[in-house]
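[1] Build me a structure from this.
(one chain, ligands or ions: 1)
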Amino acid sequence: MQTFNTLLPPDFLALRTHLVGDHSDSRIERLRLDDLSPGDVVIRTRYAGVNYKDCLSLHSQARIITSFPRVAGIELMGEVVESSTPDFQHGQPVLVHGFQTGIAFDGGFSEYVRVPAVHVQALPENLTPHEAAVLGVPGFTAAMALERFEDHGLTPAAGTVAVSGAGGAVGLVAIAILARAGYRVAAITRRMEQAGSLLAAGATEVVDAAVLGQAQRPLERARFAAAIDNVGGPMLSWLLRSMQDGGSVASVGNASGNTFEGSVLPFVMRRVQLFGVVANAPWPQRRRLWARLGGDLKPNFATLMPHVQHIGLHDLMAHTARQLEGSTSGRALLTFDDQ
Ligand SMILES: NC(=O)c1ccc[n+]([C@@H]2O[C@H](COP(=O)([O-])OP(=O)(O)OC[C@H]3O[C@@H](n4cnc5c(N)ncnc54)[C@H](OP(=O)(O)O)[C@@H]3O)[C@@H](O)[C@H]2O)c1
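    A predicted model of the protein is given here:
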């Protein structure tokens, strides 16, 4: 391995998840580099986005991790401290997400991470490391959904785009990205006390998710040209019933559960299209979308920053438990700024 004059310490802190019986058990441990899954690039982690999927892993709510012990954290932003490939230089800011990071490879909940070079991406142009971390998987996912809408012919003139789970990480960044792209955005939330901050993030209207309890018709008022659904369950059913003719719904998340009931009427009466989004994209799409996130989709970060919370390794288990209950909001970044 090509080594640099590095400050890599003999050991470092990580939150590592073990399988005990049929439950996961996550503990802060001191690890050495060779405790981590193999790779060509060693990264000093600055930020690791805390995603819903990580919450499920850390609290045994779903079998996400495929082999144990494992450091969870499906995305990270940091700088290279060792590299065996000339593609990455000492001190270079890089990001990693997808490719089974935090699942089959050790992920971001660690002061240092070792990663196969083919998983590593240079910091996209026109974004600071902190901005790229704020966007992370949520921003990339929202951009993927928007690109699919565009492929289906969506333009701002077509009408309003709905975003459910609006107060969550994907929801907020999706609002900001859609607003930047010129769309009218309906933010759907269970917490109407957030309405002011959702409008400030770029929403043009805020819809109380309680509307679902009053709406039972096979087809509701056609009010959305497209929708990003982070919630699943009755929300996804309601969105499908509330689309305009030819509308598109991106199923992104399952914050309220995995199943939903519905009828074929939105499809056969209004030509509604439903598709899934998976943020683990191949390289050409990754590069293209990250370039757009630093370009024509670059959101107004000033409106997002009030929703970004920086937490430490010791806060991670408590924070992820609250996130699973649905009582957090915005984007949480595990932050190692003060190493
Ligand atoms: N497909 C992909 O590649 C991909 C990528 C990223 C995330 N995701 C998924 O997308 C979803 C959202 O991710 P996230 O990072 O935004 O999560 P998050 O930060 O935890 O936000 C989820 C939001 O959903 C709403 N919510 C939570 N529990 C709910 C419930 N029981 N019923 C109805 N609404 C509920 C809340 O919004 P309000 O308080 O505003 O109602 C909450 O803020 C998750 O399921 C995640 O796994 C998928």
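[2] As a check, name the ranges of all helices in this protein.
    Along the chain, counting by DSSP state H, helices occupy 52-58, 129-151, 169-180, 195-201, 211-214, 233-241, 265-270, 283-293, 301-304, 316-325.
[3] got the angle for the third one vs helix 316-325?
    Using axes from the mean of the first three to the mean of the last three Cα atoms, to 10 degrees, the interaxial angle of helix 169-180 with respect to helix 316-325 works out to 70 degrees.
[4] residues from the stretch 1-150 of the chain in reach of the ligand?
    Applying Cβ under 6 Å from any ligand atom, we find that the stretch 1-150 of the chain lies next to the ligand at 51, 52, 53, 137, 138, 141. C-beta here means a position set from N, CA and C on the backbone, and glycine is covered the same way.
[5] my read: the third one touches residue 74, true?
    Okay, so that is residue 53. Yes - Residue 53 lies in contact with residue 74 (Cβ atoms under 8 Å); the separation is 5.7 Å.
[6] the more surrounded of those two?
    In terms of neighbours (other Cβ atoms under 10 Å), residue 74 is the more surrounded of residue 53 and residue 74; the figures are 28 against 21.
[7] Report the contact partners of residue 187.
    Applying Cβ atoms under 8 Å, 6 or more residues apart in numbering, we find residue 187 in contact with 163, 166, 171, 175, 195, 198, 199, 201, 203, 205, 206, 207.
[8] redo that, cut-off 10 Å
    Residues in contact with residue 187 (Cβ atoms under 10 Å, 6 or more residues apart in numbering) are 162-167, 171-172, 174-175, 178, 194-195, 197-199, 201-207.
[9] Show me the beta-bridge partners of it.
    residue 163, residue 206 (DSSP bridges).
[10] ok, back up a step: intersection of neighbour lists for residue 53 and residue 74?
    By Cβ under 10 Å, 6+ apart, the residues touching both residue 53 and residue 74 are 64, 102, 103, 137, 279.
[11] now check the helix or strand bottoming out on mean pLDDT in the chain, is it near the ligand?
    Of all helical and strand segments in the chain, the minimum by mean pLDDT, DSSP states H and E falls on helix 211-214, at a mean of 84. No - applying Cβ under 6 Å from any ligand atom, one finds helix 211-214 separated from the ligand by no less than 9.0 Å.
[12] Can you give me the buried ones in that helix?
    Within helix 211-214, the residues scored as buried using 16 or more other Cβ atoms under 10 Å are residue 212.
[13] which residues are contacting that helix?
    The contact list for helix 211-214 (Cβ under 10 Å, 6+ apart) reads 164, 188, 190, 208, 220, 231, 233-235, 237-239, 242.
[14] of those, closest to the ligand?
    Closest approach to the ligand among those (Cβ to the nearest ligand atom): residue 190, at 3.6 Å.
[15] give the contact list for whatever residue of the stretch 51-200 of the chain ends up closest to the ligand.
    With Cβ to the nearest ligand atom, the shortest gap between the stretch 51-200 of the chain and the ligand falls at residue 168, namely 1.9 Å. With contact set as Cβ under 10 Å, 6+ apart, residue 168 has these partners: 52, 138, 174, 189, 230-231, 253, 255, 307, 323, 326, 328-331.
[16] could you redo the last one with a cut-off of 7 Å?
    With contacts defined as Cβ atoms under 7 Å, 6 or more residues apart in numbering, residue 168 is in contact with 230, 255, 329.
[17] While we're on it, how confident is the model there?
    Model confidence at residue 168, given as pLDDT, is 96.
[18] swap in the one 3 residues further on?
    The predicted structure scores residue 171 at 98 on the pLDDT scale.
[19] From residue 40, how far off is it?
    Applying Cβ to Cβ, to the nearest Å, one obtains 36 Å for the distance of residue 171 from residue 40.
[20] about what we covered before: among the helices of the chain, pick out the one with the most neighbours on average.
    For those, average neighbour numbers computed from mean count of other Cβ atoms under 10 Å are highest in helix 169-180, which has a mean of 28.
[21] So which elements touch that one?
    Packing partners of helix 169-180 (3 or more Cβ pairs under 7 Å, 6 or more residues apart in numbering; DSSP states H and E): helix 129-151, strand 161-164, strand 185-189, helix 195-201, helix 301-304, strand 331-335.
[22] Rebuild these as CSV, extending it with mean pLDDT.
    Formatted as CSV, the helices and strands packed on helix 169-180 follow (pLDDT from 0 to 100):
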stretch, mean pLDDT
helix 129-151, 98
strand 161-164, 98
strand 185-189, 98
helix 195-201, 97
helix 301-304, 96
strand 331-335, 98
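[23] who wins for proximity to residue 25 among those?
    Closest to residue 25 of the helices and strands packed on helix 169-180 is strand 331-335 (Cβ to Cβ; 18.8 Å).
[24] Now do the closest one against helix 129-151, angle only.
    Relative orientation of strand 331-335 and helix 129-151, computed by the same axes, to 10 degrees: 140 degrees.
[25] from now on call the first residue 57
    Yep, numbering from 57; the last one is strand 387-391 now.
[26] Now look at strand 387-391 and say if it contacts the ligand.
    No - Strand 387-391 lies out of reach of the ligand by Cβ under 6 Å from any ligand atom, never closer than 7.3 Å.
[27] Listing partners with orientation, what would you give for that strand?
    With DSSP bridges as the test, strand 387-391 is paired with strand 97-105 (antiparallel), strand 364-367 (parallel).
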